[in-house]
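J.: Requesting a structural model of the entry that follows:
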Amino acid sequence: GDHALSQAELSRMLKDKAVAGSNVVRLKGGDPLIFGRGADEIAYLRSHHITVEIVPGVSSATGIPSGLGIPLTARGVSSSVAFLSGHGESEKEHDERPLEIPKADTLVFLMGLTKLNVIVRTLRENGWKRETPVMVVSQGTSLTEKDVAGTLETIEGLVEKAELLQPALIIVGEVVRFAQEFRQSREKILYLGTNPQKYRPLGHIIHFPMIEIVPHELNPFELTQFKEELPHIHLIAFTSRFGVKYFFELLKKMNFPLSDIPGVQ
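T.: Model (predicted):
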C-alpha cells in the first residue's frame, strides 16, 4: 500500500535495463505469481520481445501452514482448499466491500491482515459458523514469526491484542486444529546467542540474544595505519565469519580492492 514505484514504472525499468544489455533479476517478495504482479511484468516484457525466465520458490500460502504442522487438506477433514487475496485489484486498505468466497473446506487469505474485519464479516454472511477455527500468522517461517489462533467469533479481538505485523497469512477451517497438536510435540528452546537460524531444526526457537557483535570503528590514526600496512600483508587470519564480514565491509568503504594486497593467501 506504500509502494516506492508504480507497477508501470517498475516494468519500464526492467525493460530499459534489459534492452541496454543487462541481465536483470527481479527479486520479488511474497508470491509474485499468486495475487502479485508477476503476470503483469511477464506480459509486459514479452510484449517487448524480452526473454523471461521464472525461478520458482516455495509459496507462503503452502509453506507457512506446513511449517506450523497444518495440512491444508486432510482425509475426512478437508478435501478442498482455496487461496484468496485480502485485497481487490485496487489494494485500498479501507475498501469495506465483501469479498467473493468460493466453496472450499479450507481458505487461505494472503495480504489480509488489514482486511480481517471484512474477511470475518463476509465469512459469517456466507454461512461459516462462529466456532470455525482461524489462525493468523505474522511473518511466517522467520525468527519473528508470531501466530494467533481463535475462531471467527474471537479472532479479531485476539489479533488486535497481539499487535501482529505484516505480512500475515490467514488460515480458516478445521485443519487449523492440527497446529495445536504440532505445537505440543515441538520443544521450546530459549536461545541466547547470535545465530539462531542454525538451531531451528531442533524446535521452536525463542530468541533473546545476550550478546551483540558489532564492528570496531577505527579511529583516524588506526585507519591510516591500516591503509599503510595492507599492501605489505602476507597472511590474513579470520577468527569468525563476523571478522570476514566486517573486514570486507571496511575494504569497500575505503574503496580498497583486494587485488592491492599482492601477498595475501
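
J.: Using the three-state scheme, assign residue 194.
T.: Using DSSP: H, G, I helix; E, B strand; the rest coil, the structure places residue 194 in coil.

J.: Helix or strand for residue 243, just tell me which one.
T.: helix 241-254 (DSSP states H and E).

J.: Quick one: mean pLDDT over that helix.
T.: Mean pLDDT, helix 241-254: 90.

J.: Tell me the buried residues in it?
T.: 246, 250-251 (16 or more other Cβ atoms under 10 Å). The C-beta positions use only the backbone N, C-alpha and C, and glycine is treated the same way.

J.: Could you do stretch 35-49 as well?
T.: 35-36, 38, 41-42, 44-45.

J.: Return the distance of that stretch from the chain's centre.
T.: 22 Å (Cα atoms, centre = their mean, to the nearest Å).

J.: contacting residues around it?
T.: Defining contact as Cβ atoms under 8 Å, 6 or more residues apart in numbering, one finds that stretch 35-49 is touched by 7, 10-11, 14-15, 18-19, 26, 28, 30, 32-33, 52, 54, 83, 85, 87, 110-111.

J.: ok, now stretch 212-228?
T.: Contacts for stretch 212-228 (Cβ under 8 Å, 6+ apart): 194, 242, 246, 249-250, 254, 256.

J.: Pull the distance from that stretch to the chain's centre.
T.: Per Cα atoms, centre = their mean, the centroid offset for stretch 212-228 relative to its chain is 35 Å.

J.: And that stretch, end to end?
T.: 30 Å (Cα to Cα, to the nearest Å).

J.: thinking again about what came up before, with respect to residue 232, which of the buried residues of helix 241-254 is nearest?
T.: Nearest to residue 232 among these: residue 251, at 15.6 Å, using Cβ to Cβ.

J.: Check the contact between the closest one and residue 260; I expect there is one.
T.: No - Residue 251 lies out of contact with residue 260 (Cβ atoms under 8 Å); the separation is 9.3 Å.

J.: can I get the buried residues of helix 241-254 in CSV with distance to residue 126?
T.: Below are the buried residues of helix 241-254 laid out as CSV (distance: Cβ to Cβ, whole Å):
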residue, distance to residue 126
246, 55
250, 59
251, 60
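
J.: quick check, nearest of these to residue 147?
T.: Looking across the buried residues of helix 241-254 and measuring by Cβ to Cβ, the closest to residue 147 is residue 246, at 35.1 Å.

J.: what's the spacing between that closest one and residue 221?
T.: Remark: distance between residue 246 and residue 221 (Cβ to Cβ, to the nearest Å) = 19 Å.

J.: With residue 16 instead?
T.: 46 Å.

J.: ok, those two, which is more surrounded?
T.: Looking at residue 16 and residue 221 with other Cβ atoms under 10 Å, you find the greater number of neighbours at residue 16, namely 12 against 8.

J.: how about that one, what does it touch?
T.: By Cβ under 8 Å, 6+ apart, residue 16 has no neighbours at all.

J.: still on that earlier bit, which residue in the buried residues of stretch 35-49 has the weakest pLDDT?
T.: residue 36 (78).

J.: sec struct for that one, please.
T.: coil.

J.: Run a quick neighbour tally on the nearest residue to residue 125 once chain neighbours are set aside.
T.: Leaving aside its sequence neighbours, residue 125 sits nearest to residue 98 (Cβ to Cβ, 6 or more residues apart in numbering; 6.5 Å). Counted by other Cβ under 10 Å, the residues lying close to residue 98 total 12.
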